[in-house]
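> give me a 3D structure for the following:
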Amino acid sequence: QVQLVESGGGLVQAGGSLRLSCAASTRTFSDYPMGWFRQAPGKEREFVAAISWSGGSTYYADSVKGRFTISRDRAKNTVYLQMNSLKPEDTAVYYCAASGRNDWYRGSWDSYGYWGRGTQVTVSS
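Numbers count the residues shown, from 1 in each chain. Predicted structure coming up:
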């Protein structure tokens, strides 16, 4: 069982940056494609970014493309989300997730079977 713990959230002004981290509890993490999702109050959980097990392929939601970067360090069992040029509409709880399916790149939350508890990101205007 993969356990995931997010960190790095906080309060930042619009235009600022944050880097989220997601640490996995086991080495099996290195074999899983990983994703970041977010959920704002009153809204559905939405896809943000995903990365292949090797780190060689990445996918982004249009709303964050060019501003966010997903990466992973397999040796540290950690995946990152670098968020630049943050906007108030980026405010949400951010979750990392691991996928055991081949359709992980489609960005559907139900392709991901393991989830962290989330970290709050608040962007003030």
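> what's the nearest residue to residue 36 if we skip its chain neighbours?
residue 48 (4.3 Å; Cβ to Cβ, 6 or more residues apart in numbering). Yep, even glycine has a C-beta here, placed from its N, CA and C like the rest.
> correct me, but the one you found touches residue 38?
Yes. With contacts counted by Cβ atoms under 8 Å, residue 48 reaches residue 38, the gap being 5.4 Å.
> before we move on, the earlier item: assign the residue nearest to residue 36 to helix, strand or coil.
strand (DSSP: H, G, I helix; E, B strand; the rest coil).
> near it, how many other residues are there?
25 (other Cβ atoms under 10 Å).
> over to the one 5 residues further on?
For residue 53, the tally of surrounding residues (other Cβ under 10 Å) stands at 17.
> got the residue ranges for the strands in this protein?
4-7, 10-13, 18-24, 34-39, 46-51, 58-60, 68-73, 78-83, 92-98, 114-115, 119-124 (DSSP state E).
> the third one - contacts with which helices or strands?
Under the contact definition 3 or more Cβ pairs under 8 Å, 6 or more residues apart in numbering; DSSP states H and E, strand 18-24 sits against strand 4-7, strand 34-39, strand 78-83, strand 92-98, strand 119-124.
> do the same with the first one
Using 3+ Cβ pairs under 8 Å, 6+ apart, the elements in contact with strand 4-7 are strand 18-24, strand 92-98.
> likewise the shortest one?
Packed against strand 114-115 by the contact rule (3+ Cβ pairs under 8 Å, 6+ apart) you find strand 92-98.
> who touches the strand it packs on?
2, 4, 6, 9, 20, 22, 24, 29, 32-40, 43, 45, 48, 79, 81, 109, 112-121 (Cβ atoms under 8 Å, 6 or more residues apart in numbering).
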